[in-house]
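S.K.: quick check, what structure comes out for this input:
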Amino acid sequence: MIRIRAVAAVLSVAGLGGLLGVPAATASTTAKPEVPTLVAIRAAHHPGYDRLVFQFSGGLPGQRSVGYVSKVIGESGKQVRVVGSATLLVRFFAASGHDSSGHVTYGTRHRTYALPGLIQVATAGDFESVLRFAVGVASKETVHMFTLTSPSRVVVDLKTPHKTVVVHDFLLNLNNFKSGHQPYLRAVDRPVIVPALAFGALQRLFAGATDPERALGLRFVASKATGFANLSISDGVARVRLTGGCGSGGSTFTIANEIMPTLRQFSSVRWVKIYDPAGHTERPAGHTDSIPVCLEP
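M.R.: Okay, the predicted model is just below:
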């Protein structure tokens, strides 16, 4: 009987040791450290440069980088498209852009700016404490990254040495369109690089509305197009080919309604011919406007 009680006591102590020791060790090794959280993205123009600011709570990311790339691939394996003549990839390591419920903490994931150099910023990834952004810019210029504190910020300055002038882009006024009240278009100002004003105006058109403009109900109707190519102006006729896709969706309002007035603001343009991605339009010859069949209602 004494021998049995001794064995039981040993087993009891061994069990107690297992209950107290293993969970404590596991907890200490699996606990994830808190990482800085992105809470805001801002941008503004200053004399000679555009400034893009990423603000964090909980300190600064341990590592960060910025550089030009040919394209940015998102978490889905598809290209993250941003409008611009060059693309920057901004990366933060040991950082997050969402809260414990998975909600984005810094606002819209895709935003447009009406600045001389900076055009668009889009989220490219937020996975395993690596946060990435694609940035579309009007021209490939020198960039400089640095940090500021109180609050914690990572700053990207993009030089803007080129001369720009303000042109108009014409966006759909969604509120008017839905209610059937003209005008359906509203002009917005955009700075574009001299001398390629028509190209710059179309480039900014495809970037769409800024956040404040979207709040007013302004939208860019892409009609399935993702970009444009082969813009030319000759003998009063502007010609441009859509890329990526083309389709009206049965609507009477299409991308043609935005492209035509955007190009006609320039004195060298009287007529506009828009081609589908395969290079077809209804009236390719003569001094007339023309759209492809895919943009018919």
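S.K.: check which residues of stretch 122-141 are buried.
M.R.: Neighbour-count burial for stretch 122-141, counted by 16 or more other C-beta atoms under 10 Å, picks out 122-126, 129-138, 141. Where you see a C-beta, it was placed from the backbone N, CA and C, and this is true even at glycine.
S.K.: cross those against strands and list the overlap.
M.R.: Per DSSP state E, strands hold the following members of those: 122-126, 130-137.
S.K.: identify the farthest-apart pair in the buried residues of stretch 122-141.
M.R.: Using C-beta to C-beta, the buried residues of stretch 122-141 span at most 31.7 Å, a distance reached by Ser129 and Ala138.
S.K.: picking up where we left off before, in TSV: the ones in strands among the buried residues of stretch 122-141, plus pLDDT and distance to Ser70.
M.R.: As requested, these are exported to TSV (pLDDT from 0 to 100; distance: C-beta to C-beta, whole Å):
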residue	pLDDT	distance to Ser70
Ala122	98	16
Thr123	97	19
Ala124	97	14
Gly125	96	17
Asp126	96	22
Val130	96	20
Leu131	97	21
Arg132	98	15
Phe133	98	16
Ala134	98	12
Val135	98	14
Gly136	98	13
Val137	98	14
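S.K.: just give me the closest of those residues to Val237.
M.R.: Checking those against Val237 by C-beta to C-beta gives Gly136 as the nearest, at 28.8 Å.
S.K.: contact partners for the closest residue in space to the closest one that isn't next to it in sequence?
M.R.: Excluding its sequence neighbours, the residue lying closest to Gly136 (C-beta to C-beta, 6 or more residues apart in numbering) is Gly84, at 2.8 Å. If a contact means C-beta atoms under 8 Å, 6 or more residues apart in numbering, then Gly84 has 119-120, 135-138, 203 as its contacts.
S.K.: just to check, Arg219 is in contact with Thr210?
M.R.: No - judged on C-beta atoms under 8 Å, Arg219 makes no contact with Thr210 at a distance of 11.6 Å.
S.K.: model confidence over the helix or strand hosting Pro212, on average?
M.R.: Assigned by DSSP states H and E, Pro212 falls within helix 211-215. Here helix 211-215 scores 97 as its mean pLDDT.
S.K.: mind listing the helices for the protein?
M.R.: Along the chain, counting by DSSP state H, helices occupy 2-30, 174-179, 197-207, 211-215, 255-264.
S.K.: and for the residue nearest to Ala201 when sequence neighbours are not counted, the neighbour number?
M.R.: Among residues not flanking Ala201 along the chain, Val167 sits closest, at 4.6 Å (C-beta to C-beta, 6+ apart). A count of nearby residues for Val167, using other C-beta atoms under 10 Å, gives 21.
S.K.: what of His110?
M.R.: Using other C-beta under 10 Å, His110 is surrounded by 13 other residues.
S.K.: if I look at it, how far off is Ser152?
M.R.: To Ser152, His110 is 24 Å away according to C-beta to C-beta, to the nearest Å.
S.K.: just give me the residue right at the centre of this protein.
M.R.: Note on the chain: the residue nearest the mean C-alpha position is Ala122, at 2.7 Å, using C-alpha atoms, centre = their mean.
S.K.: that residue reaches Val80, doesn't it?
M.R.: Yes - using C-beta under 8 Å, Ala122 is in contact with Val80, at 5.5 Å.
S.K.: who touches both of these two?
M.R.: Shared contacts of Ala122 and Val80 (C-beta under 8 Å, 6+ apart): Ala134.
S.K.: what sits against the residue nearest to Ser65 when sequence neighbours are not counted?
M.R.: The shortest distance from Ser65 to any non-neighbouring residue, by C-beta to C-beta, 6+ apart, is to Arg91 (4.9 Å). With contacts defined as C-beta under 8 Å, 6+ apart, Arg91 is in contact with 64-66, 130-133.
S.K.: check Gly236 too.
M.R.: When contacts are counted by C-beta under 8 Å, 6+ apart, Gly236 touches 268-271, 287.
S.K.: top of those residues by neighbour count?
M.R.: Trp271 (18 neighbours).
S.K.: so how far is Ala44 from that residue?
M.R.: Note on Trp271: its distance to Ala44, by C-beta to C-beta, is 38 Å.
S.K.: return the residues in contact with Val39.
M.R.: Taking C-beta under 8 Å, 6+ apart, we find Val39 in contact with 55-57, 105-106.
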